[in-house]
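Trainee: Got a sequence here, can you build the structure:
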Amino acid sequence: MNQVLISLVAVAGTLLGAVLGYAFQRHSADRSERKAAVLAYSSAITEAIRGQQDWWHRKDENPEGPEHRAARVEAHRLRGVARQAINGVAFFIHDNELLDLAEATFEAASDVHRADNRVELDMKSAVARESLRAFIHRASNKVR
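Mentor: Modelled structure (predicted):
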């Protein structure tokens, strides 16, 4: 009888260890996926802002030139990458306020190329970067 009890305790301990190990690994994996989604979005938006700035500069240099058209195409591509990254954030982090910040940052980044002059370009770029900073600040609480 004593050996049966010892065996049951050993089996229960093994099962408990397996369940707890799985739970901790799953939690760690979820956190890593959330972190990766936030970092992918941050990177995509940073590149989108840069692409919008490049578009503005090429248009300012020569509105009819091939460099302007190429920069516009690249800026649209980078916006598409950023849109996909928003979807990644939405998939892994269920926070409507965070998604609203992601959308606001996307809109601010998308507006950079519409600047009328260099001062406005710098201002719109700063607004987009500040919006990204607010997103990162809020998202950091979700990935810890």
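Trainee: and the helix or strand encompassing W55, average pLDDT?
Mentor: Secondary structure assignment for W55, by DSSP states H and E: helix 2-61. Mean pLDDT, helix 2-61: 83.
Trainee: Which elements pack onto it?
Mentor: helix 66-92, helix 96-110, helix 118-143 (3 or more C-beta pairs under 8 Å, 6 or more residues apart in numbering; DSSP states H and E). (Each C-beta comes from the backbone N, C-alpha and C, glycine too.)
Trainee: Dump these to TSV, plus mean pLDDT, mean neighbour count and distance to V38.
Mentor: Below are these laid out as TSV (pLDDT from 0 to 100; neighbours: other C-beta atoms under 10 Å; distance: least, C-beta to C-beta, whole Å):
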stretch	mean pLDDT	mean neighbour count	distance to V38
helix 66-92	96	17	6
helix 96-110	96	18	9
helix 118-143	95	16	4
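Trainee: Next, format those helices as JSON lines and append distance to S7.
Mentor: What follows is the helices and strands packed on helix 2-61, written out as JSON lines (distance: least, C-beta to C-beta, whole Å):
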{"stretch": "helix 66-92", "distance to S7": "42"}
{"stretch": "helix 96-110", "distance to S7": "49"}
{"stretch": "helix 118-143", "distance to S7": "43"}
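Trainee: gap between the helix holding W55 and the chain center?
Mentor: With C-alpha atoms, centre = their mean, to the nearest Å as the basis, helix 2-61 stands 13 Å off its chain's centre.
Trainee: Contacts only, for the residue nearest in space to the middle of the chain.
Mentor: Residue closest to the average C-alpha location in the chain (C-alpha atoms, centre = their mean): Y41, at 2.1 Å. Y41 is in contact with 82, 85-86, 88-89, 102, 135, counting by C-beta atoms under 8 Å, 6 or more residues apart in numbering.
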